[in-house]
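Undergrad: Give me the fold of what follows.
(one chain, ligands or ions: 1)
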Amino acid sequence: MPKGIFKVPIARNEPVKSYAPGSPERAELKKEIERMRSEVVDIPMFIDGKEVRTDNTVSMHPPHDRKHLLGHFHRGDASHVQMAIEAALKARKKWAAMTWEHRASIFLKAAELLAGPYRMKLNAATMIGQSKNVFQAEIDSAAELVDFFRYNVQYMMEIYAQQPSSPVSIWDRVEYRPLEGFVFALTPFNFTSIAGNLPTSPALMGNTVVWKCSNTQIYSAKVIMDLLRHAGLPDGVINLVFVSGPVAGNEIFNHKDFAGIHFTGSTEVFQNIWKTIGENIHKYKSYPRIVGETGGKDYVFAHPTANVDHLVIALLRGAYEYQGQKCSAASRAYIPKSMWNEFMEKFEGMVKGIKMGPPEDLSNFYNAVIDEASFDKLAKYIDNAKKDKDAEVIIGGGYDKSEGFFIEPTVILAKDPHYVTMEEELFGPVLTIYVYEDDKMEEALDTLDNTSIYALTGAIFARDRYAIEYLSKRLVDTAGNFYINDKPTGAVVGQQPFGGARGSGTNDKAGSQLNLIRWVSARTIKEEFVPPEDYRYPFMEEE
Ligand code: NAD
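TA: The predicted model follows:
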């Protein structure tokens, strides 16, 4: 037990660097990019603190520069998943017993290493490996992951401090135990910070973890693993495997000690996982915790009183930053007819000015989509929209995968508010707009509410305060993160806890107490100081 009620350092958001021409960080980053591009790396799995290699290697290439070889990763199989589970279970006893301040110290140290010596490494890896521009990398792989580490420590303390009251002669207390078993972290390609947070938040609460990242994020996942090891994470606490999702799922969801999944990714994958867990429920020692943040069909709704200039910028950034590959990206918009001409003239001018190219050229705002499967899927939706009578491609619509997976920022005008790209998540730089008649706003709001299965993020633009109040109430169930006169992306840890409802996930708000509480199983302890001397109660005495 600790010999003191220690105060943890007060969490603060990591300042975002500008990388403006002439800044020291720009020079440092360029050097790191050059170094990484000149190397061919060999990336093993990390199980029980050891590097694990196989005969089956897979090459890695930047999405924007297909011919360039970054290196290889070692693909594992079912036996590696079993090794990772065993390592996690072996490490659990010691890790779960470690006093909280030592667990906290590891992640606080990781935060400072990432804010300092690892910053450029993780930013450069994210830029090259996932095709992110420098600003998008900085707010993700540097700032947000630092924030997750710092704030999660503070939230852990706030949870531990939640204690019941104790009447005379009794001491009631609650102990926040880690889950009994191991946690599976299954992470997406699009945010390096999410890939880092999903295994580390359960680990901070005393759990041990099997981590399977996306194949297209392995290049930066390796840097996260190096960082955690440097910060002193003991062997076996987080075990990283490179296997296909179904191979991992087959071993993990059939294991009796499977205690929970921390997932971010698509809705379809999550729903299948939930079904499998349900079917296997009799196999587990405990009811597994199922935490999943999934897809979105995020909206921007403009009221006739909206400021058009603010709307245009928010929609451009919301729809096209990181090529629209954010779960929170604006992918459908509702614009009143009275505003349409002015809006379109300004929006088109700005979208056509977007500079596209590789992220290593820092003047590019916009880069490639993640892989060929995503490119082909997006190209198909665009081609269909070019032919369909209910839609019209009014901006962009071009694509080219000769050098890298480049898709132009695209706008589809939907004549039918239920057109397929108003409903389905495309996960790319395609925004669909529906123009509503000003006197049919109620109908438009009904459509917005009922169009898609998701409820992740949404934004309204209006100047009229009555309209702001009305829309905020009217759209209460449509988004877990709701924005007023701002883009629906860019949530910051400690400021806007993030997550959606309906088909968008379990809404356990990454970067908050609500999330960390899912990784503990509370034990209530009642201690009686003066036990009764007689079984009989006073009411039984003779009058
Ligand atoms: P994905 O669902 O394809 O993959 C996520 C992870 O699941 C990957 O590691 C993948 O290998 C694995 N996986 C895929 N199929 C599997 C299967 N059958 N069994 C087990 N594992 C499997 O998602 P992605 O393309 O990496 O990421 C994009 C998706 O993530 C989008 O839908 C996006 O909206 C969502 N996302 C949501 C949030 C959020 O906070 N709500 C944040 C980021 C991304």
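Undergrad: got a list of what I33 touches?
TA: Listed by CB atoms under 8 Å, 6 or more residues apart in numbering, the contact partners of I33 are A124, M127, I128, E360. C-betas here are computed from N, CA, C, even on glycine.
Undergrad: I'd like the residues you listed as TSV, with neighbour count appended.
TA: Converted to TSV, the contacts of I33 look like this (neighbours: other CB atoms under 10 Å):
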residue	neighbour count
A124	28
M127	28
I128	27
E360	22
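Undergrad: ok, which pair from those is furthest apart?
TA: A124 and E360 (9.1 Å; CB to CB).
Undergrad: Check which element follows the longest helix that the chain contains along the chain.
TA: In the chain, taking DSSP state H as the definition, the longest helix is helix 78-97. Next along the chain after helix 78-97, taking DSSP states H and E as the criterion, comes helix 100-115.
Undergrad: got the contact list for the closest residue to L471 other than its chain neighbours?
TA: In this structure, L471 finds its nearest non-sequential neighbour in I460, 4.6 Å apart by CB to CB, 6 or more residues apart in numbering. Residues counted as contacts of I460 (CB under 8 Å, 6+ apart) are V300, F301, A302, H303, I468, L471, S472, L475, F482, Y483, I484, N485.
Undergrad: Torsion angles phi and psi at I460?
TA: Phi and psi for I460, reported as degrees, to the nearest 10, are phi -120, psi 150.
Undergrad: can you check L475 too?
TA: phi -100, psi 20.
Undergrad: Show me what the strand or helix carrying I218 is packed up against.
TA: Per DSSP H and E, I218 falls inside helix 218-230. Contact partners of helix 218-230 among helices and strands, from 3 or more CB pairs under 8 Å, 6 or more residues apart in numbering; DSSP states H and E: strand 41-43, helix 100-115, helix 119-130, helix 192-204, strand 238-241.
Undergrad: Give me the buried positions along the fourth one.
TA: Neighbour-count burial for helix 192-204, counted by 16 or more other CB atoms under 10 Å, picks out 192-204.
Undergrad: ok, which of these also contact the ligand?
TA: I194 (CB under 6 Å from any ligand atom).
Undergrad: For the ligand, what's its nearest residue on the stretch 351-500 of the chain.
TA: F427 (5.1 Å; CB to the nearest ligand atom).
Undergrad: That residue belongs to a strand, doesn't it?
TA: No: counting by DSSP: H, G, I helix; E, B strand; the rest coil, F427 falls outside a strand, being coil.
Undergrad: How about the residues of this protein by the ligand?
TA: 186-191, 194, 212-214, 245-246, 249, 264-266, 269, 272, 293-296, 327, 425, 427, 456, 498, 500, 504-505.
Undergrad: Now the residue of the stretch 51-200 of the chain found nearest the ligand: closest residue in space, sequence neighbours ignored.
TA: As assessed by CB to the nearest ligand atom, the ligand sits closest to P188 within the stretch 51-200 of the chain, at 3.3 Å. Leaving out its chain neighbours, the residue that sits closest to P188 by CB to CB, 6+ apart is G265, at 4.6 Å.
Undergrad: Identify the residues contacting that neighbour.
TA: L186, T187, P188, S214, G292, T294.
Undergrad: can you pick the most crowded of those?
TA: Among those, the one with the most neighbours (other CB atoms under 10 Å) is T294, at 26 neighbours.
Undergrad: ok, now how distant is it from D371?
TA: Per CB to CB, to the nearest Å, T294 is found 19 Å from D371.
Undergrad: now I85
TA: According to CB to CB, I85 and D371 sit 28 Å apart.
Undergrad: and if you look at L69?
TA: Between L69 and D371 the computed distance is 16 Å (CB to CB).
Undergrad: how about V58, what does it touch?
TA: Residues near V58 by CB under 8 Å, 6+ apart: H72, F73, R75, N215, F242.
Undergrad: Kindly provide the distance from it to N250.
TA: Note on V58: its distance to N250, by CB to CB, is 20 Å.
Undergrad: I'd like to know which of the helices and strands packed on helix 218-230 lies nearest to F6.
TA: Proximity to F6, assessed across those by CB to CB, is greatest for helix 100-115 (5.4 Å).
Undergrad: Pull out the buried positions in that closest one.
TA: Those would be 100, 103-104, 106-115, for helix 100-115 by 16+ other CB under 10 Å.
Undergrad: How about stretch 394-412?
TA: 395-397, 399, 401, 404-412.
Undergrad: now do stretch 134-142
TA: If you call a residue buried by 16+ other CB under 10 Å, then stretch 134-142 has these buried ones: V134, F135, Q136, A137, E138, I139, D140, S141, A142.
Undergrad: What of stretch 306-323?
TA: 306, 308, 311-312, 314-323.
Undergrad: what does stretch 422-441 give?
TA: Quick answer for stretch 422-441 (16+ other CB under 10 Å): 422-436, 441.
Undergrad: And for M36, the neighbour number?
TA: With neighbours defined by other CB under 10 Å, the count for M36 comes to 21.
Undergrad: what does G49 give?
TA: 15.
Undergrad: before we move on, what about T57?
TA: Neighbours of T57 under the rule other CB under 10 Å: 15.
Undergrad: and the residue lying closest to it once chain neighbours are set aside, which of the three is it?
TA: In this structure, T57 finds its nearest non-sequential neighbour in H72, 4.0 Å apart by CB to CB, 6+ apart. What three-state DSSP gives for H72 is strand.
Undergrad: who's in contact with H72?
TA: Shown in contact with H72 (CB under 8 Å, 6+ apart): V40, V41, D42, I43, T57, V58, S59, M60.
Undergrad: Could you do N507 as well?
TA: Going by CB under 8 Å, 6+ apart, the list of residues near N507 reads G480, G499, G500, A501.
Undergrad: Can you tell me how far it is from P497?
TA: If you measure N507 against P497 using CB to CB, the figure is 10 Å.
Undergrad: what's across from the residue lying closest to M83 once chain neighbours are set aside in the sheet?
TA: Residue nearest to M83 in three dimensions, not counting chain neighbours: I47, with 5.1 Å by CB to CB, 6+ apart. Note on I47: beta-bridge partners by DSSP bridges are K50.
Undergrad: Dump the contacts of I460 into TSV; add secondary structure, neighbour count and pLDDT as well.
TA: Output for these, formatted as TSV (DSSP: H, G, I helix; E, B strand; the rest coil; neighbours: other CB atoms under 10 Å; pLDDT from 0 to 100):
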residue	secondary structure	neighbour count	pLDDT
V300	strand	27	98
F301	strand	24	98
A302	strand	25	98
H303	coil	20	98
I468	helix	17	98
L471	helix	22	98
S472	helix	13	98
L475	coil	18	98
F482	strand	18	98
Y483	strand	23	98
I484	strand	11	98
N485	coil	15	98
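Undergrad: Relative to R332, which of these is nearest.
TA: Out of these, the member with the shortest distance to R332 (by CB to CB) is V300, at 7.7 Å.
Undergrad: So the residue of the stretch 251-400 of the chain found nearest the ligand versus R66, what's the distance?
TA: Residue nearest to the ligand within the stretch 251-400 of the chain: G265 (2.7 Å; CB to the nearest ligand atom). Here the criterion is CB to CB. By it, G265 lies 24 Å from R66.
Undergrad: What average pLDDT does stretch 246-253 get?
TA: For stretch 246-253, mean pLDDT is 98.
Undergrad: tell me, what residue is most central in the protein?
TA: Note on the chain: the residue nearest the mean C-alpha position is I194, at 4.1 Å, using CA atoms, centre = their mean.
Undergrad: ok, for that one, nearest residue in space, not its chain neighbours?
TA: That would be T264: by CB to CB, 6+ apart, it lies 5.1 Å from I194.
Undergrad: hang on, the earlier thing: residues in contact with the residue of the stretch 51-200 of the chain closest to the ligand?
TA: Under the criterion of CB under 8 Å, 6+ apart, the neighbours of P188 are I194, A195, S214, Q217, T264, G265.
Undergrad: ranges for the helices of the stretch 201-350 of the chain?
TA: Listed in chain order, the helices found in the stretch 201-350 of the chain under DSSP state H, counting those that start in this stretch are 218-230, 245-252, 267-279, 308-320, 337-352.
Undergrad: Noted, bye for now.
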